[in-house]
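Engineer: Provided below are the primary sequence and the corresponding predicted coordinates.
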Amino acid sequence: MSEEQLQARSETRKLAAIMFTDMVDSTGLTNALGDEGALAVVRQHDEVIRHALLAHGGREVDRAGDGFLVSFGSVSQAVGCAIAIQTELASRAPVHPDAVVRVRIGIGAGEPVTEGDGLFGSTVNLTARICSHAAPGQILVAEVVRELCSGKRFSFRDHGLASLKGFPSPVRLYEVAWSA
């Protein structure tokens, strides 16, 4: 098989919603709870996220320590999943005040490059930067996500322009309104 054929076969593009999650201050949890205690908290975090993914049609693409890279067939599934994650984690906080888990979530949409089960390209990179720009407990999305959710049950607040590392122009972000 020629290199062109291999490249065409490995690079498939279709519209996808991409979500990154990042657990906030996992190192602080480890220092406070010890390795075993922190591991138990991370397992609960993972359970919450995987349950929400299953309920909203998300596909776990990759794990990086205490964060997830996920893809969805639609942006409304991704936004619904993010709200479910934040809501469930917030509901657990009063029950386990010594092990409060907070995550930041970023959502983007585009046509990422796929190779095997992996996702690559500017859509993935932008979404990772959006996630890192979010505050604990916050869901930030790219403008395209807000536009594709037009007419859906979600509420967005303009978060303004953000300079994101590696991107030459500021990017307009929106915060997904949710409450515990």
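Structural biologist: Structure's in. What do you need? Numbering: from 1, shown residues only.
Engineer: what's across from the residue nearest the centre of the chain in the sheet?
Structural biologist: By C-alpha atoms, centre = their mean, the mean C-alpha position of the chain lies nearest to residue 20, the distance being 2.4 Å. On the basis of DSSP bridges, residue 20 takes part in beta bridges with residue 69, residue 106.
Engineer: So it versus residue 37, what's the distance?
Structural biologist: Summarising the geometry, the distance separating residue 20 from residue 37, computed by C-beta to C-beta, to the nearest Å, is 26 Å. Bear in mind the C-beta positions are built from the backbone N, C-alpha and C, glycine included.
Engineer: tell me the contacts of the residue nearest to the centre of the chain?
Structural biologist: Taking C-beta atoms under 8 Å, 6 or more residues apart in numbering as the contact definition, residue 20 lies against 67, 68, 69, 70, 105, 106, 107, 127, 128, 130, 131.
Engineer: how about 7 Å then?
Structural biologist: Applying C-beta atoms under 7 Å, 6 or more residues apart in numbering, one finds that residue 20 lies in contact with 67, 69, 106, 127, 128, 131.
Engineer: In terms of distance to residue 16, which of those ranks first?
Structural biologist: Taking C-beta to C-beta as the measure, residue 16 sits nearest to residue 127 out of the contacts of residue 20, at 10.2 Å.
Engineer: That closest one: neighbouring residues, count only.
Structural biologist: Neighbouring residues of residue 127 were enumerated by other C-beta atoms under 10 Å; the total is 30.
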